[in-house]
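> Sequence first, predicted coordinates after that:
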Amino acid sequence: MDKSAVILAGGISSRFGQNKGLLQLADKPLIRYITDAVDGIVNETIIVASSKAQAASFAEVIGSNTRIVIDASDMQCPLIGALTGFENAHGKYSLLLACDTPMLSKDVLSLLLELCINRNAVVVRWPNGYIEPLQAVYCTEAALQAARNALNEEKSDMRSMVERLRGVRYVSTLILQQLDPELRTLFNVNTPLDFKRAKMLLKRARGRDFRQH
């Protein structure tokens, strides 16, 4: 097995009062947009939940071909979720994603997976230096060790894991815009206003697809 997708879905959003992955956007929950985006470009899909109850909620809305695992620690943060995902991934490379990015571009994700061959990571970087560690591809074993090292040094942020990796390739958002001009792939739903915008973006995208056909 060569490629895994690890989707972090453990956080409870205080702004929405529930897990964002279960928010119903148009005809399906947010988490399904993520699993659909990786379908066909990875060999396995893993959702990382924070509890058995949350895992059960996800199991009701996703297909049986997706595995659900539970955070290895009660300390909820993306790095713990990533560590849990890497521990359970069978692929040499792991595509790490958040559960609140419904406009993911299959073309962008495929490019990141392709660029990670013989690298320890491929991470998207904005012109101002800000990185997107939750829309990135990692060599699973190397990232697992880097995550453990960061946590052992009492660092719990994703950047600390990336900084402990050698052989990282940074891909500019300017490159991604050739495939996704508006960089919708990086749009995430953090607030109710973002959720409204996601509905508008989805409606516009579906209208464009309809006209093209």
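Structure received. Bear in mind the structure is a predicted one, so any value in this text is a computation, not a measurement.

> what sits up against the lengthiest helix in the chain?
For the chain, the longest helix by residue count, based on DSSP state H, is helix 192-212. The contact list for helix 192-212, computed with CB atoms under 8 Å, 6 or more residues apart in numbering, reads 15-16, 23, 25-26, 102-103, 184, 187-189. C-betas here are computed from N, CA, C, even on glycine.

> those strands in the protein, which residues are they?
Assigned by DSSP state E, the strands in the chain fall at 3-8, 12-13, 18-19, 24-25, 28-29, 44-49, 66-70, 93-98, 121-125, 131-139, 168-172.

> Lowest mean pLDDT across those, which one is that?
Here the strands of the chain differ in mean pLDDT, and the lowest is strand 12-13 at a mean of 64.

> Tell me which residues touch the spatially most central residue of the chain, please.
Geometric centre of the chain, nearest residue: L97, 0.6 Å, by CA atoms, centre = their mean. Neighbour list for L97: 5-8, 34, 38, 104, 134-135 [criterion: CB under 8 Å, 6+ apart].

> Report the buried members of the contacts of helix 192-212.
When the contacts of helix 192-212 are checked for burial by 16 or more other CB atoms under 10 Å, the buried set is 16, 23, 25, 102-103, 184, 187-189.

> just curious, which of those is nearest to F58?
L23 (12.5 Å; CB to CB).

> Quick check: the nearest residue to that closest one once chain neighbours are set aside vs S94, distance?
Leaving aside its sequence neighbours, L23 sits nearest to L30 (CB to CB, 6 or more residues apart in numbering; 5.0 Å). Going from L30 to S94 by CB to CB, to the nearest Å gives 20 Å.

> Can you select the buried ones among the contacts of L97 for me in ChimeraX?
To isolate the buried members of those in ChimeraX, using 16+ other CB under 10 Å:
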select :5,6,7,8,34,38,104,134,135
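
> I'd assumed P133 was in contact with V122.
No. At 10.9 Å, V122 and P133 do not qualify as touching, with contact defined as CB atoms under 8 Å.

> In TSV: the buried ones among the contacts of helix 192-212, plus distance to I70.
Formatted as TSV, the buried ones among the contacts of helix 192-212 follow (distance: CB to CB, whole Å):
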residue	distance to I70
F16	21
L23	21
L25	25
P102	24
M103	28
R184	31
F187	28
N188	23
V189	23
